[in-house]
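# no FASTA, just this:
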């Protein structure tokens, strides 16, 4: 198997950063993900261990229940990761957390705006039908449901 330039670059960056001494198995990540982690460390001065952990957590949160694996028989599960970042104040836990979860928070904000619009439409539909409570028949408008992927901080 031929080594790509990206793979070679990532190996050199890992060696220069003494990643193997830290025990972090960075090689389990795809090359593009390793590049993101190294770039965050180089250009944003983020801690590599926190960045890799948070990235794994953010990917699991983004996947949510959209994908499941079959464990055994009918037992299926989604990628759930419960993570706690432990370290003294000022070690740089929050900056990579905020940066890597920003797309998820932005998606949640968009879904909340959509939910508010659907609520307004639902209320207008109820008002035009002349009823003050939710109708029982199947032709009535459906009450909107808020969907989020926000994690507990």
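Sure, I can see it. Fair warning: this is a prediction, and the values are worked out from it, not measured in the lab. Numbering: from 1, shown residues only.

# What is the end-to-end distance of stretch 17-28?
The straight-line separation of the ends of stretch 17-28 (C-alpha to C-alpha, to the nearest Å) is 17 Å.

# For it, which outside residues touch it?
Applying C-beta atoms under 8 Å, 6 or more residues apart in numbering, the set of residues contacting stretch 17-28 from outside is 14, 34, 37, 38, 41, 48, 49, 52. Quick note: C-beta positions are derived from backbone N, CA and C, even for glycine.

# Quick one: list the elements packing against the longest helix along the chain.
Ranked by number of residues, the top helix in the chain under DSSP state H is helix 94-128. With contacts defined as 3 or more C-beta pairs under 8 Å, 6 or more residues apart in numbering; DSSP states H and E, helix 94-128 has these neighbours: helix 48-63.

# quick revisit: any chance of JSON lines for the contacts of stretch 17-28, columns neighbour count and pLDDT?
Listed next are the contacts of stretch 17-28 as JSON lines, based on neighbours: other C-beta atoms under 10 Å; pLDDT from 0 to 100:
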{"residue": "14", "neighbour count": "19", "pLDDT": "80"}
{"residue": "34", "neighbour count": "23", "pLDDT": "91"}
{"residue": "37", "neighbour count": "27", "pLDDT": "92"}
{"residue": "38", "neighbour count": "21", "pLDDT": "91"}
{"residue": "41", "neighbour count": "20", "pLDDT": "90"}
{"residue": "48", "neighbour count": "22", "pLDDT": "91"}
{"residue": "49", "neighbour count": "20", "pLDDT": "91"}
{"residue": "52", "neighbour count": "24", "pLDDT": "93"}
